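**Student:** This is a predicted model, with the sequence first.
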Amino acid sequence: MDLDAVTKQSALHAKPDGLTLQYGTAGFRTKAEHLDHVMFRMGLLAVLRSKQTKSTIGVMVTASHNPEEDNGVKLVDPLGEMLAPSWEEHATCLANAEEQELPRVLLDISEKAAVNLHQDAFVVVGRDTRPSSEKLSQSVIDGVTVLGGQFHDYGLLTTPQLHYMVYCRNTSGRYGKATIEGYYQKLSTAFVELTKQAFCSGDDQRTLKVDCANGIGALKLREMKHYFSQGLSVQLFNDGTEGKLNHLCGADFVKSHQKPPQGIEMKSNERCCSFDGDADRIIYYYHDADGQFHLVDGDKIAALISGFLKEPLLEIGDSLSLGVVQTAYANGSSTRYLEEVMKVPVCCTKTGVKHLHHKAQEFDIGVYFEANGHGTVLFSKAAEMKIKQLAEELEEDKKRKAAKMLENVIDLFNQATGDAISDMLVIEAILALKGLTVQQWDALYTDLPNRQLKVKVADRQVISTTDAERQAVKPPGLQEAINELVKKYRLSRAFVRPSGTEDIVRVYAEADSQENADSLAYEVSLAVFQLAGGIGERPQPESPEQFLDDSPLFS
Ligand SMILES: CC(=O)N[C@H]1[C@@H](OP(=O)(O)O)O[C@H](CO)[C@@H](O)[C@@H]1O
Ligand SMILES: [Mg+2]
């Protein structure tokens with residue numbers, strides 16, 4: 001390691017005084033103007049991680065669903081997974097080190113993680129469409145090269161596409177080709193194969209309206225749509241030509257506001273979906289004949305997919321285990337439906353894809369989705385081999401077809417991470433094969449009315465939780481207060497946790513009516529405000545709708 005060169009270069013990527021950042025649920029995120037030094041340092045860290053794992057490491061520059069002025073960075077581990085937790089700590093240490101400390105911190109990390117400094121390093125870089133992303137990804141590359149690492153800059157990519165590239169490169173191309181063309185080919189071939197039957201049987205070509213959040217999803221979907229146009233026609237909205245990234249549109253907006261995005265023309269009963277700003281989340285929705293808006297979220301996606309997978313699994317007669325992984329934000333009705341109607345085991349983990357991903361790996365077939373639409377399905381190596389073998393060997397036509405279908409489903413899912421494009425194609429394939437409308441899908445179960453709020457407190461870390469974030473253990477008295485409030489309503493549940501991506505506390509409540517869910521969320525927010533050090537004046541009790549966007553206390 002040429003530490004003198006690091007010192008010299010780092011002066012060109014100076015750290016603003018007094019800034020402390022933490023590698024959170026999805027890497028570092030803050031205002032773009034504060035991130036140059038973090039990018040450079042994550043370039044350095046990616047080289048060390050690459051040397052240690054003797055693999056290609058990914059660095060993605062994005063702040064996903066956050067405002068256009070923000071940016072962020074996360075590292076992608078060898079199998080396309082999120083960075084290992086011990087390295088998250090190294091990342092935080094490195095990002096916050098004073099400039100003169102950098103050489104020492106780099107040596108410290110190398111020693112602690114037993115990095116062989118003579119090993120070659122290779123890093124791949126991707127970025128979203130934010131105005132700040134190009135320059136920031138150049139700072140990542142500066143960090144990579146100063147430590148002698150090789151790199152490939154993919155330029156504009158969705159986050160899941162970068163995960164895919166990393167996975168392909170570290171599995172000698174067995175997973176797919178590590179090019180954008182390879183990604184399009186792999187997914188669209190599986191989609192066309194899977195849906196052949198559905199479209200032969202006389203179904204009209206299907207159309208789907210997609211709100212691309214004015215982000216990278218628009219660019220990539222536009223490039224890709226010709227590959228699968230024989231099975232599905234997508235109409236793009238919020239494609240970035242006019243509007244601002246994630247502003248009044250995108251999956252996060254639709255889910256948290258429970259209303260349609262601006263910039264999309266919705267006719268009644270038309271199937272629409274929204275991606276988020278880096279295209280790793282997807283949410284469906286429609287207006288019914290009475291003009292009422294219906295959200296079909298990540299929980300319903302998990303229900304649709306697991307129901308669909310159960311049938312061919314039964315058909316092939318193999319006892320592969322199927323399970324669903326959710327977080328505390330999953331609607332209570334979805335959990336009940338999966339467990340009681342579908343008879344599928346359900347696990348709850350902490351928020352953040354890495355937790356769900358790891359839990360899902362415990363099943364032969366692990367379906368994981370956050371309610372906000374981030375998720376995928378993981379097939380264990382053993383399950384994949386078994387299915388491939390059965391698709392070749394099974395004599396009975398019906399059984400062989402079921403195995404073949406599962407084989408295509410495996411190829412259609414991005415096994416590295418949740419992927420809006422891949423999930424969209426899976427969902428569209430299932431709806432086509434089953435002949436389901438979006439209304440029929442929505443009718444699998446009825447969501448319990450729910451409300452999410454954000455509370456600003458002086459230090460959100462005064463709240464700590466247990467039981468997959470469903471119980472607050474600190475500050476004293478908070479959980480007891482929540483329990484008392486929950487008792488006032490029917491079918492109710494509420495929890496609070498500090499966000500891992502924003503400087504706020506999140507409050508979630510559900511109950512038998514929207515009014516009750518709103519009141520409960522509001523009352524719990526007040527309890528947080530009082531017991532966990534809220535900032536500003538105590539808000540007057542009004543409808544949560546009124547302070548969803550505007551209040552400095554709640555948003
Ligand atoms: C309630 C919620 O939607 N939380 C989101 C959000 O995390 P927070 O830690 O809640 O800020 O961003 C994460 C990264 O995108 C995503 O994984 C997660 O689901
Ligand atoms: Mg995202």
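**Tutor:** In hand now; what should we look at? Residues are numbered from 1 along each chain as shown. Ligands and ions are numbered 1, 2, ... in the order given.
**Student:** State whether Gln197 and Lys434 are indeed in contact, as I suppose.
**Tutor:** No - between Gln197 and Lys434 there is no contact under C-beta atoms under 8 Å: 11.4 Å. Where you see a C-beta, it was placed from the backbone N, CA and C, and this is true even at glycine.
**Student:** Any idea which residue of this protein lies closest to ligand 2?
**Tutor:** Nearest residue of the chain to ligand 2 (C-beta to the ion) works out as Ser64 at 3.2 Å.
**Student:** That residue reaches Ala26, doesn't it?
**Tutor:** Yes - between Ser64 and Ala26 there is a contact at 6.5 Å, judged by C-beta under 8 Å.
**Student:** hang on, the earlier thing: secondary structure class of the residue of the chain closest to ligand 2, three-state.
**Tutor:** Secondary structure, DSSP: H, G, I helix; E, B strand; the rest coil: Ser64 is coil.
**Student:** how many other residues sit next to the closest residue to it other than its chain neighbours?
**Tutor:** Leaving aside its sequence neighbours, Ser64 sits nearest to Asp278 (C-beta to C-beta, 6 or more residues apart in numbering; 4.7 Å). Neighbourhood size, Asp278 [other C-beta atoms under 10 Å]: 34.
**Student:** Glu484 too?
**Tutor:** 11.
**Student:** Check which helix or strand Asp252 maps to.
**Tutor:** Assigned by DSSP states H and E, Asp252 belongs to helix 251-257.
**Student:** what residues are shared contacts of Ser64 and Ala26?
**Tutor:** Gly72 (C-beta atoms under 8 Å, 6 or more residues apart in numbering).
**Student:** Bridging across strands, which residues link to Phe28?
**Tutor:** Val73 (DSSP bridges).
**Student:** from memory it sits against Asp70, does it?
**Tutor:** No - with contact defined as C-beta under 8 Å, Phe28 does not reach Asp70; the gap is 10.4 Å.
**Student:** returning to that earlier point: check the residue nearest to Ser64 and give its pLDDT.
**Tutor:** The model reports Asp278 with a pLDDT of 98.
**Student:** helix or strand for it, which one?
**Tutor:** Applying DSSP H and E, one finds Asp278 in no helix or strand.
**Student:** Looks like it contacts Asn214 (just checking).
**Tutor:** No - between Asp278 and Asn214 there is no contact under C-beta under 8 Å: 11.9 Å.
**Student:** Show residues contacting the helix holding Asp252.
**Tutor:** For helix 251-257, the surrounding residues in contact (C-beta under 8 Å, 6+ apart) are 64-65, 211, 213, 246, 260-261, 274-276, 281-283, 285, 295, 297, 371-373, 420, 452, 548.
**Student:** 7 Å - rerun?
**Tutor:** Contact with helix 251-257 is made by 65, 213, 246, 260-261, 274-276, 281-283, 285, 295, 297, 372-373, 452, as judged by C-beta atoms under 7 Å, 6 or more residues apart in numbering.
**Student:** Ligand 2 contacts on the stretch 251-400 of the chain?
**Tutor:** Contact residues, the stretch 251-400 of the chain versus ligand 2 (C-beta under 5 Å from the ion): Asp276, Asp278, Asp280.
**Student:** could those go into CSV alongside distance to ligand 1?
**Tutor:** Below are these laid out as CSV (distance: C-beta to the nearest ligand atom, whole Å):
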residue, distance to ligand 1
Asp276, 8
Asp278, 9
Asp280, 8
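**Student:** Break this protein down into its structural domains.
**Tutor:** Domain assignment for the chain by the TED database gives 3-156, 182-296, 298-415, 450-532.
**Student:** At the contact with ligand 1, which residues of this structure appear?
**Tutor:** Proximity of the chain to ligand 1 (C-beta under 6 Å from any ligand atom) is limited to residues 25-26, 64, 329, 351-353, 370, 372, 374, 499-502, 506.
**Student:** For Tyr45, which three-state class applies?
**Tutor:** Small correction: residue 45 is Leu, not Tyr. Assignment for Leu45 (three-state DSSP): helix.
**Student:** Contact partners for Leu48?
**Tutor:** Ile109, Ser110, Val115.
**Student:** and the second one, what element?
**Tutor:** Secondary structure here is read from DSSP H and E; on that basis Ser110 sits in helix 102-112.
**Student:** starting at the chain centroid, how far to that helix?
**Tutor:** 31 Å (C-alpha atoms, centre = their mean, to the nearest Å).
**Student:** those strands in the stretch 51-200 of the chain, which residues are they?
**Tutor:** Along the stretch 51-200 of the chain, counting by DSSP state E, counting those that start in this stretch, strands occupy 56-61, 70-76, 122-127, 150-156.
**Student:** Out of these, indicate the one that is most buried.
**Tutor:** Among the strands of the stretch 51-200 of the chain, strand 56-61 has the highest mean neighbour count (mean count of other C-beta atoms under 10 Å), at a mean of 29.
**Student:** helices and strands around that strand, which ones?
**Tutor:** Counting contacts by 3 or more C-beta pairs under 7 Å, 6 or more residues apart in numbering; DSSP states H and E, strand 56-61 is packed against helix 36-53, strand 70-76, strand 122-127, helix 133-146, helix 159-169.
**Student:** on that earlier part again, let's see which of the contacts of helix 251-257 end up in strands.
**Tutor:** Per DSSP state E, strands hold the following members of the contacts of helix 251-257: Ser274, Phe275, Ile282, Ile283, Tyr285, Leu295, Gln452.
**Student:** Just the buried residues from these, in PyMOL please.
**Tutor:** Here is the PyMOL command that selects the buried residues among these (16 or more other C-beta atoms under 10 Å):
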select buried, resi 274+275+282+283+285+295+452
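**Student:** for the ones in strands among the contacts of helix 251-257, which one is nearest Asp239?
**Tutor:** The closest of the ones in strands among the contacts of helix 251-257 to Asp239 turns out to be Phe275 (C-beta to C-beta; 10.8 Å).
**Student:** which residues touch the closest one?
**Tutor:** Val210, Cys212, Ala213, Gly215, Gly217, Gly250, Ala251, Arg281, Ile282, Ala420.
**Student:** By neighbours, which of the residues you listed wins?
**Tutor:** Of those, with other C-beta under 10 Å as the count, Ala213 tops at 37 neighbours.
**Student:** right, is stretch 126-143 up against ligand 2?
**Tutor:** No - applying C-beta under 5 Å from the ion, one finds stretch 126-143 separated from ligand 2 by no less than 9.1 Å.
**Student:** same deal with stretch 26-45?
**Tutor:** No - using C-beta under 5 Å from the ion, stretch 26-45 stays clear of ligand 2, with a minimum separation of 7.3 Å.
**Student:** Would you mark the buried spots in that stretch?
**Tutor:** So stretch 26-45, judged by 16+ other C-beta under 10 Å, has buried residues 26-30, 32, 35-45.
**Student:** what's the answer for stretch 362-376, then?
**Tutor:** Going by neighbour count (16+ other C-beta under 10 Å), the buried part of stretch 362-376 is 363-376.
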